[in-house]
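Chemist: With the input below, show me the fold.
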Amino acid sequence: FLFDEHIKSYLNRENRWYRKHKKDANVDHMYPFDRALKFNKDIRRLGQTKSGLSFLGQFRILITEIGNALGYVRMVRSAG
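Modeler: Presented below is the predicted three-dimensional model:
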């Protein structure tokens, strides 16, 4: 997901913007909500994957699967 050039360019652009503006009084080291909404809309405009999910939806599924795998490993380790 993160190796896709479209996604990478959007993330790099937002990272550059944040690094430039993080000490501004209106940002105060927090990412603005309105920019997050705009970023989400821009990513959705990129289209859908072959399975019919948006790129952001696919990323959410990937993060969920990683979290489930880590939870399973922790459960097995604590069992003995």
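
Chemist: Determine the set of other helices and strands touching the longest helix along the chain.
Modeler: Across the chain, the helix with the greatest residue count (assigned by DSSP state H) is helix 55-79. Counting contacts by 3 or more CB pairs under 8 Å, 6 or more residues apart in numbering; DSSP states H and E, helix 55-79 is packed against helix 33-45. (C-beta placed from N, C-alpha, C; glycine too.)

Chemist: so what does the helix it packs on touch, helix or strand wise?
Modeler: If you count contacts as 3+ CB pairs under 8 Å, 6+ apart, helix 33-45 packs onto helix 5-21, helix 55-79.

Chemist: could I get these as a markdown table with distance to residue 39?
Modeler: Shown next, in a markdown table, are the helices and strands packed on helix 33-45 (distance: least, CB to CB, whole Å):
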| stretch | distance to residue 39 |
| --- | --- |
| helix 5-21 | 6 |
| helix 55-79 | 9 |
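
Chemist: want to throw these into TSV with mean neighbour count, distance to residue 43 and mean pLDDT?
Modeler: Supplementary listing: the helices and strands packed on helix 33-45 in TSV, determined by neighbours: other CB atoms under 10 Å; distance: least, CB to CB, whole Å; pLDDT from 0 to 100:
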stretch	mean neighbour count	distance to residue 43	mean pLDDT
helix 5-21	12	6	89
helix 55-79	11	5	91
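
Chemist: Of all these, which one is nearest residue 36?
Modeler: Nearest to residue 36, of all these, is helix 5-21, at 8.9 Å by CB to CB.

Chemist: Can you give the distance of the closest one from its chain's centre?
Modeler: Once both centres are worked out by CA atoms, centre = their mean, to the nearest Å, helix 5-21 turns out to sit 12 Å from its chain's centre.

Chemist: cool, and stretch 14-34?
Modeler: That offset, for stretch 14-34, works out to 17 Å (CA atoms, centre = their mean).

Chemist: Perfect, that will be all.
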